[in-house]
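**Student:** Have a look at this fold, sequence not included:
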Ligand code: ASP
Ligand code: MG
């Protein structure tokens, strides 16, 4: 049995759903299909959550209605004579969101986020499953909340592996279906409250499923030909990396390569399950393969860009040094706000950290840091990592730009740039 994962780009419109269904129908064996929310639905639902939480209910409602119309429009295109059952399911989903807007939110933004944003995956899977059944490919729709069990770390639920291991095989009984289709990104607590696994977390869902179901492989279908040595949307001459070791893939994703969610690799390594990254535009072409190999890469430079970085520099208020104790306290604060540190640099009097520009709590962070330190920060920076760098590659990427931080090891160079 294989696991296929389709991201938002693959199902962004009716043509995308038709194409995705064709890829699924071309696979003769039993298949587990994991699907994300369609197109930019998740971003739109995040905006709804923010408006709801900030009391801008009209804006929030407008966002929901827009999404409802987009999804119903898609159904209209997929089913020429309509599909009443599907339409009414979707209407119920959006109606539940609308009703939610009429009651005041709890005080926990992250909790509200999970309850609202998860709708994106519910509706996308309802549409795709119904369409597959309509084509004659018997498909069972499975609610991820029934088997992916997490703790209540809202927005970043941690998997309860023992419970998930027990529930998952009960949910994925193939019976007479050959496709089991489910939502990526979503889980639930033992109290059946919805959680999410972190942005772009559907890849992780696919890996969890593959691990527990002992799948022979996972395929992530993307709008790029495979894992590239640089983002083809940003760089002119990119090339595909045909085979990568798990370790190389972990390093790349950790530094911000967006092709795969960083948590994906661990469940796969454990069972040595290969991961393919393939193009949904050219499904017959070979993509990239991540597997249990040493390191076959020819060491061509690999470029990884992470935008929207903030460099925060703290220094003691008196002339004392930055010591282990204060570093531990600084890290504790970042951990409290759940902000991941992407790069650090230390001198006697300064300690600098780069993080993704946070959606919320940034002012609060700066305020708390300022209680103990003098704090400066620079916004709108880019973190560029070049693995297996050459001098030529470095010059090309940095010429004419202001470098805030530069770090080099034998094979890797990292810049924080304006
Ligand atoms: N729809 C979610 C997101 O956009 C999860 C995913 O795409 O993997 O973050
Ligand atoms: Mg996505």
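**Tutor:** Ah, there it is. On a predicted model such as this, the values are computed, not experimentally measured, just so you know. Ligands and ions are numbered 1, 2, ... in the order given.
**Student:** Around ligand 1, pick out the residues from this protein.
**Tutor:** 7-8, 36-37, 42, 120, 184-185, 199-202 (Cβ under 6 Å from any ligand atom). To be clear about C-beta, it is placed using only N, CA and C from the backbone, and glycine gets the same treatment.
**Student:** go again using 5 Å as the cut-off
**Tutor:** With the criterion set to Cβ under 5 Å from any ligand atom, the chain comes near ligand 1 through 36-37, 42, 185, 199-200, 202.
**Student:** Buried among these? Need that as a selection in ChimeraX.
**Tutor:** Listed next is the ChimeraX selection for buried residues among those, using 16 or more other Cβ atoms under 10 Å:
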select :36,37,42,185,200,202
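**Student:** I'd like the residues of the chain next to ligand 1 laid out as CSV, including pLDDT.
**Tutor:** Listed next are the residues of the chain next to ligand 1 as CSV, based on pLDDT from 0 to 100:
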residue, pLDDT
36, 98
37, 98
42, 98
185, 98
199, 93
200, 93
202, 98
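**Student:** May I see the residues of the chain next to ligand 1 organised as CSV, with distance to residue 284 added?
**Tutor:** As requested, those are arranged in CSV below (distance: Cβ to Cβ, whole Å):
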residue, distance to residue 284
36, 23
37, 27
42, 29
185, 28
199, 31
200, 26
202, 24
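**Student:** Tell me the one of the residues of the chain next to ligand 1 nearest residue 93?
**Tutor:** Minimum separation from residue 93 among those (Cβ to Cβ) is found for residue 37, which lies at 11.8 Å.
**Student:** which regions of the stretch 151-300 of the chain lie under the pLDDT threshold?
**Tutor:** By pLDDT under 70, the weakly predicted segments of the stretch 151-300 of the chain are 296-298.
**Student:** Residue of it closest to ligand 1, please.
**Tutor:** Distances between the stretch 151-300 of the chain and ligand 1 by Cβ to the nearest ligand atom are smallest at residue 202, namely 3.2 Å.
**Student:** tell me the contacts of that residue?
**Tutor:** 5, 7, 34-36, 121, 183-185, 261 (Cβ atoms under 8 Å, 6 or more residues apart in numbering).
**Student:** Check the residues of the chain next to ligand 1 against residue 351 and report the nearest one.
**Tutor:** The closest of the residues of the chain next to ligand 1, once distances to residue 351 are taken by Cβ to Cβ, is residue 199, at 27.5 Å.
**Student:** doesn't residue 313 make contact with residue 376?
**Tutor:** Yes. Counting by Cβ atoms under 8 Å, residue 376 touches residue 313, with 4.8 Å between them.
**Student:** Have a look at these two and say which one is more surrounded.
**Tutor:** In this view residue 376 and residue 313 are compared by other Cβ atoms under 10 Å, and residue 313 has more residues nearby, 19 against 13.
**Student:** Just the buried residues of stretch 218-235, please?
**Tutor:** Quick answer for stretch 218-235 (16+ other Cβ under 10 Å): 218-222, 224-231.
**Student:** Now these in CSV, please, with extra columns for secondary structure.
**Tutor:** Formatted as CSV, these follow (DSSP: H, G, I helix; E, B strand; the rest coil):
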residue, secondary structure
218, strand
219, strand
220, strand
221, strand
222, strand
224, coil
225, coil
226, coil
227, coil
228, strand
229, coil
230, coil
231, coil
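**Student:** which two of those lie the greatest distance from each other?
**Tutor:** Applying Cβ to Cβ across the buried residues of stretch 218-235, the maximum distance is between 218 and 230, 23.6 Å.
**Student:** Excluding chain neighbours, give the residue nearest to the residue in the chain that ligand 2 sits nearest to in space.
**Tutor:** Residue of the chain nearest ligand 2, by Cβ to the ion: residue 8 (3.9 Å). Nearest in space to residue 8, with sequence neighbours left out and distances taken as Cβ to Cβ, 6 or more residues apart in numbering, is residue 36 at 4.7 Å.
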